[in-house]
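Enquirer: from the sequence below, what's the structure:
(one chain, ligands or ions: 1)
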Amino acid sequence: MKRILTVQDVSCVGRCSLTVALPIISAAGVECGILPTAVLSNHTQFPKFTFCDLTGEIEKISETLRDLSLDFDSIYTGYLGSFEQLSLVSDLFDRNRAEGCKIVIDPVMADNGVLYKGFTPEFAKEMAKLCSKADLIVPNLTEASFMLGVPYNPDYDEEYVKELLRKLTALGCPKAALTGISFDKSKLGVYLYDSESDEYFYYCNDYMPVSYHGTGDIFASATVGALMAGHSTASALKVAVDFTLECIRCTMADGNRRSYGVNFEQALPYYIERLRRFD
Ligand code: PXL
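Expert: The predicted structure is shown next:
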């Protein structure tokens, strides 16, 4: 059985970060170790939240896991809240990365052209440095633009996306996947570039005219779960696109929706079934 470590916050309510990564990766049949970086009452898009910083625990936990020879097939990072956390996670990659361990970074910090509360362009540049240690990064267009220091351009064409992907892999990670990419109003998907084979891959599914928080975390977690379940990167990204869409469909169909996150719980049986298809 594969074992991964995911490093991100616990937002007690709101279906994001660890509260989605743990169940999704577990559903893929993969042991999901967690390293919580902070405990929040809810994520920072709400008008109010509490925040208990666990930065001081990161090094101690990482050293102890290494001393106990607890190794991981993948380390997956999501929302990281400070420069200090970026530096500690960089050390953790060096300390806890065993032979063959795949590092996946979702550089969570922005969407729709704007940085989330508390983030700065300087932070994005530092996140870009961390990405040099990854095997795969999964930014959206906004995060990619901030990391590369280029203007956010929502009116992109395919050549522009390919150029951004080449610049992203030039940060030092062999594979980059841009999420939320659409060339046709009715479709939405992911564009991958593998700099080692110099190959591009695009996959899309139906676009839903809704916007729910937390779908990026769902997508990244589903990708990691599928990779660890034996899918190639392209195939894992397809699983993640299809599963995220299914989560959105379940949410849209819920007459008793309670205003945060997507109903990924109802889509977990679909995910488990979809993981059986390797194409
Ligand atoms: O879904 C990304 C995310 C994760 N964790 C926290 C957040 C956000 C997005 O705003 O605030 C604490």
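Enquirer: quick one: stretch 201-215 near the ligand?
Expert: Yes: contact of stretch 201-215 with the ligand (C-beta under 6 Å from any ligand atom) involves residue 214. Backbone N, C-alpha and C define where each C-beta goes, glycine included.
Enquirer: got the buried residues for that stretch?
Expert: Going by neighbour count (16 or more other C-beta atoms under 10 Å), the buried part of stretch 201-215 is 201, 202, 203, 204, 205, 207, 212, 213, 214, 215.
Enquirer: do the same with stretch 101-121
Expert: For stretch 101-121, by 16+ other C-beta under 10 Å, it's 101-111, 115-116, 119.
Enquirer: quick one: name the residues of the stretch 51-200 of the chain near the ligand.
Expert: 79, 108, 116.
Enquirer: next up, identify which helix or strand the residue nearest to the first one when sequence neighbours are not counted is on.
Expert: What it means is residue 79. Closest residue to residue 79 apart from its sequence neighbours, by C-beta to C-beta, 6 or more residues apart in numbering: residue 108 at 4.2 Å. If you go by DSSP states H and E, residue 108 is not part of any helix or strand.
Enquirer: remind me which residues of the chain are low pLDDT?
Expert: By pLDDT under 70, the low-scoring segments of the chain are 259.
Enquirer: repeat the analysis, applying 80 as the threshold.
Expert: 257-259 (pLDDT under 80).
Enquirer: grab the longest helix from it for me.
Expert: When the chain is parsed with DSSP state H, its longest helix is helix 233-252.
Enquirer: mind listing what's buried in the helix or strand that that one is followed by?
Expert: If you walk from helix 233-252 toward the C-terminus, the next helix or strand you reach (DSSP H and E) is helix 264-274. Across helix 264-274, burial judged by 16+ other C-beta under 10 Å covers 264, 267, 268, 270, 271, 274.
Enquirer: sitting in strands, which of the buried residues of stretch 101-121 do you find?
Expert: Judged by DSSP state E, strands contain the following of those: 102, 103, 104, 105, 110, 111, 115.
Enquirer: re earlier: redo the buried residues of stretch 201-215 as JSON lines? Include secondary structure and distance to residue 133.
Expert: Shown next, in JSON lines, are the buried residues of stretch 201-215 (DSSP: H, G, I helix; E, B strand; the rest coil; distance: C-beta to C-beta, whole Å):
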{"residue": "201", "secondary structure": "strand", "distance to residue 133": "23"}
{"residue": "202", "secondary structure": "strand", "distance to residue 133": "26"}
{"residue": "203", "secondary structure": "strand", "distance to residue 133": "26"}
{"residue": "204", "secondary structure": "strand", "distance to residue 133": "29"}
{"residue": "205", "secondary structure": "strand", "distance to residue 133": "31"}
{"residue": "207", "secondary structure": "coil", "distance to residue 133": "33"}
{"residue": "212", "secondary structure": "coil", "distance to residue 133": "30"}
{"residue": "213", "secondary structure": "coil", "distance to residue 133": "28"}
{"residue": "214", "secondary structure": "coil", "distance to residue 133": "25"}
{"residue": "215", "secondary structure": "helix", "distance to residue 133": "25"}
